[in-house]
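Participant: Curious how this folds, go ahead:
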Amino acid sequence: MNPDPLPPVAAALDRLGIPHRLFTHAGPVESLEQAARERSQRPEQVVRSILFRLAQDRFAMVLVAGPAQVDWKRLRQHLGQSRLTMASAEEVLTTTGYPIGAVGPLGLPQPIPIYVDDSVLSEAEISIGSGVRGTTVILHSANLLAALPTAEVGVFRQISD
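Facilitator: This is a model prediction of the structure:
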């Protein structure tokens, strides 16, 4: 028996039969650029899973590529919300089961609406949080979408004019 169980996101992908590989960083990850460099990726290939609090006990997750920033106004309009906030570290852990820096959109303890910014799909290979700090899951963006059949794809990032 394997003494180190798979990170939860990798285990979820295994259950779905989605091909992926794990990458474990040698030490702490301090920046998006460092994470990308160590994974032999560009920052745009590193997908951040950001949890937003919509209301008491109501959350949504937005996946965005690399350094892109979520457009809060666009997201509020899309969700029909007059107000939303980023979830606190405690809310992230309680809602996803994962610490900040390791959040991924799979293997969650309860369903959360997931919104995928189209920037995530512009890269063939991406990396996502595995549920364990210092370890990431690398997979094809099309396979991530296949693993998230209820996710909604759209433009949720800020776009400069």
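Participant: What are the boundaries of the helices in the chain?
Facilitator: 8-16, 32-38, 72-79, 89-96, 141-147 (DSSP state H).
Participant: Which stretch among those is buried most, on average?
Facilitator: Of all the helices of the chain, helix 8-16 carries the top mean neighbour count, a mean of 19, counting by mean count of other Cβ atoms under 10 Å. All C-beta spots, glycine's among them, are computed from the backbone N, C-alpha and C.
Participant: can you tell me how far Ala146 sits from Leu63?
Facilitator: Using Cβ to Cβ, to the nearest Å, Ala146 is found at 14 Å from Leu63.
Participant: ok, for the residue most central in space within the chain, nearest residue in space, not its chain neighbours?
Facilitator: Nearest to the centroid of the C-alpha atoms of the chain, with distances taken as Cα atoms, centre = their mean, sits Ser49, at 2.7 Å. Excluding its sequence neighbours, the residue lying closest to Ser49 (Cβ to Cβ, 6 or more residues apart in numbering) is Val103, at 4.3 Å.
Participant: Quick check: Phe59 touching Val103?
Facilitator: No: Phe59 lies out of contact with Val103 (Cβ atoms under 8 Å); the separation is 11.4 Å.
Participant: These two: who's more crowded?
Facilitator: Per other Cβ atoms under 10 Å, whichever of Phe59 and Val103 has more neighbours is Val103, with 25 against 20.
Participant: Show the contacting residues for the more buried one.
Facilitator: For Val103, the contacting residues are Ser49, Ile50, Leu51, Met61, Val92, Thr96, Gly129, Gly131, by Cβ atoms under 8 Å, 6 or more residues apart in numbering.
Participant: mind running it again at 10 Å?
Facilitator: Shown in contact with Val103 (Cβ atoms under 10 Å, 6 or more residues apart in numbering): 9, 48-51, 61, 63, 87, 92-93, 95-97, 128-131.
Participant: do the same with Thr96
Facilitator: Here Thr96 is in contact with 8, 49, 51, 59, 61, 87, 102-105, 107-110, 112, 129, 131 (Cβ under 10 Å, 6+ apart).
Participant: Next, count neighbours for the closest residue to Val132 other than its chain neighbours.
Facilitator: Spatial nearest neighbour of Val132, excluding adjacent residues (Cβ to Cβ, 6+ apart): Pro7 at 4.2 Å. Counted by other Cβ under 10 Å, the residues lying close to Pro7 total 24.
Participant: Can you give me the distance of Pro7 to Ala89?
Facilitator: For Pro7 relative to Ala89 (Cβ to Cβ), the value is 19 Å.
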